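1. Based on what follows, work out the 3D shape:
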Amino acid sequence: MSDTTYVPPKIWKPTTASGGTFANINRPVAGPTHEKALPVGKHPLQLYSLATPNGVKVTIMLEELLALGHTGAEYDAWLIKIGEGDQFSSGFVEVNPNSKIPALADHGGDAPVRVLESGAILVYLAEKFGAFLPTDTLARTETLNWLFWQMGSAPFVGGGFGHFYAYAPEKLEYPINRYAMETKRQLDVLDRQLAERRYIAGDEYTIADMAIWPWYGVLVQGGLYNAAEFLSVQDYTHVQRWAADIAKRPAVIRGRKVNRTWGEETDQVPERHDASDLD
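-> From the prediction side, this is the model:
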């Protein structure tokens, strides 16, 4: 534990003293910082994103739809460099007032439709194309149960464990222990669920899998925060089986490359405007 104890002031004020990987883009207010219009490509679906776990959810979904033959799911994917503050442009804030990626604009109707949360984008696309979200009430509800489980749980993994374990300017025992415990609890929730089912919500591959895999599947495969050994991910055998199965899907392989600017060069497709961009 630290030798010093932080005493909160009566009134909080922002400071850059805490540092950290994302200190240069953190701020306590919303709204744009600069004027810049978003580009619009040739397809009705325009995605503005980065290949983080939340961004990858949507590109996987779009590639899965195309793999099923839904040609209307062709899309332009524009790179948003969050480390440089692209998400605070006036154009991006217009599509997503929350200034978070991914953001989707659908220009296929009389007026553009903006969709500004990754889970909402998955539901929007599933309903638009009639795929990966069951129509049966029980199966649909179970799928949405797990989609919203991910939306509520992953911030503890990313903003909690990932931040303090990988990105904070110093290693602090209390928050790392706190969020490691919660991350392992969540992995155990998934492991128990997958002990009885092939996929998260049942026997069918759904948007619940697409939402959960980029966080927890990649985590147990060692690709998130380099924390696999620390979290003893090999203990979650059912999650491991599920993660490996999904990682082999061609659409998942393709979707993970879109809006990616790091890792192996062959896995980087910063912008995607045609299927051939991934070949």
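
2. C-alpha from now on. contacts and neighbour counts both.
-> OK.

3. Just the strands from the stretch 51-200 of the chain, written as ranges.
-> With DSSP state E, counting those that start in this stretch as the criterion, the stretch 51-200 of the chain has strands at 75-79, 103-106, 113-115.

4. Tabulate those (CSV), appending mean pLDDT.
-> Below are the strands of the stretch 51-200 of the chain laid out as CSV (pLDDT from 0 to 100):
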stretch, mean pLDDT
strand 75-79, 98
strand 103-106, 98
strand 113-115, 98
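
5. can I get those strands in CSV with distance to residue 152 and mean neighbour count?
-> Shown next, in CSV, are the strands of the stretch 51-200 of the chain (distance: least, C-alpha to C-alpha, whole Å; neighbours: other C-alpha atoms under 10 Å):
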stretch, distance to residue 152, mean neighbour count
strand 75-79, 26, 23
strand 103-106, 19, 22
strand 113-115, 18, 17
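
6. List the residues that contact the residue most central in space within the chain.
-> For the chain, the residue nearest the mean C-alpha position is residue 54 (1.0 Å; C-alpha atoms, centre = their mean). By C-alpha atoms under 8 Å, 6 or more residues apart in numbering, the contact list for residue 54 reads 101, 102, 118, 211, 214.

7. which among the residues you listed gets closest to residue 87?
-> residue 101 (7.4 Å; C-alpha to C-alpha).

8. buried set for stretch 251-263?
-> Neighbour-count burial for stretch 251-263, counted by 16 or more other C-alpha atoms under 10 Å, picks out 251, 252, 253, 254, 255, 256, 257, 258, 259, 260, 261.

9. Could you work out the end-to-end span of that stretch for me?
-> One end of stretch 251-263 sits 19 Å from the other (C-alpha to C-alpha, to the nearest Å).

10. now it: how far from the chain's centre is it?
-> The offset between the C-alpha centroid of stretch 251-263 and the centroid of the whole chain comes to 12 Å, using C-alpha atoms, centre = their mean, to the nearest Å.

11. Check stretch 172-189 too.
-> The chain centre lies 19 Å from the centre of stretch 172-189; the measure is C-alpha atoms, centre = their mean.
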